[in-house]
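Below are the sequence and a predicted model; questions follow.
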Amino acid sequence: MTRKYFDDWIETEEFDTPTRTITETDVVMFAALSGDYNELHTSAEATKENQFGQRIAHGLLILGISHGLLFRTGFLDQTAIAFLSVHDWKFQAPVFFGDTIRVKFKVHEKKESKSKSDRGVVTLYLEVINQNNAVVQSGYKAIMVKRLQKRNSSEKI
């Protein structure tokens with residue numbers, strides 16, 4: 001897929017990302033990086049008797065991976081300027097080791113920058129979906145995106 005500039009995004013259009021399988025290595029590395037060694041994520045023994053019966057991936061790991069999957073579409077390649085916010089994010093169901101997730105996303109809103117004509121903000125509504133088509137997380141992400149620079153009629157080529 002090709003990059004999208006601010007003006008290329010159309011409100012209500014929908015897309016799907018590639019998929020990604022969540023591994024034990026993902027969880028172990030995230031625990032080490034974040035310092036979150038909660039047994040819910042790291043102890044097979046401690047979780048045998050919990051409500052899930054097994055370890056689950058960190059919710060914030062899945063949030064981060066959802067962002068990576070969004071970038072794998074290529075739409076934001078060399079056009080994203082800044083990641084501005086995550087809001088109304090919901091953690092709706094656990095993600096287990098071996099689950100495969102994808103992100104379904106829709107353009108919720110576009111706003112031109114009032115101070116800089118070379119950019120705008122695209123707000124996307126995302127749903128992280130597992131291999132059973134269950135929504136495991138959802139919410140909004142706002143990203144500042146470049147506008148395609150147009151030559152004015154007085155510029156020489």
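Looks like it arrived, so ask away. Fair warning: this is a prediction, and the values are worked out from it, not measured in the lab.

C-alpha only now, for contacts and for neighbours.
Will do.

Select the longest helix from the protein.
helix 59-72 (DSSP state H).

Please work out which residues outside it touch it.
17-20, 27, 30, 77, 91, 94-95, 102-103, 128, 137 (Cα atoms under 8 Å, 6 or more residues apart in numbering).

Tell me how far it lies from the chain's centre.
4 Å (Cα atoms, centre = their mean, to the nearest Å).

So which helix or strand of this structure has the lowest pLDDT on average?
helix 39-42 (a mean of 95; mean pLDDT, DSSP states H and E).

For that one, which outside residues touch it?
V27, V28, A31, A46, T47, Q54, R55, I56, A57, H58.

Which members of these are classed as buried?
For those, a neighbour count by 16 or more other Cα atoms under 10 Å gives the buried set as V27, V28, A31, T47, Q54, R55, I56, A57, H58.

The closest residue to K4 other than its chain neighbours: how many residues sit nearby?
In space, and not counting its chain neighbours, K4 is closest to F75: 4.8 Å by Cα to Cα, 6 or more residues apart in numbering. Using other Cα atoms under 10 Å, F75 has 17 neighbouring residues.

V121 belongs to a strand?
Yes - according to DSSP: H, G, I helix; E, B strand; the rest coil, V121 belongs to a strand.

How about it, nearest residue that isn't a chain neighbour?
M144 (4.4 Å).

In the sheet, which residues pair with the one you found? Tell me.
A82, V121 (DSSP bridges).

Which residues are in contact with it?
A80, I81, A82, F83, L84, R119, G120, V121, V122.

And the strands in this protein?
Ranges of strands within the chain are 14-16, 20-21, 80-91, 100-112, 119-130, 135-146, based on DSSP state E.
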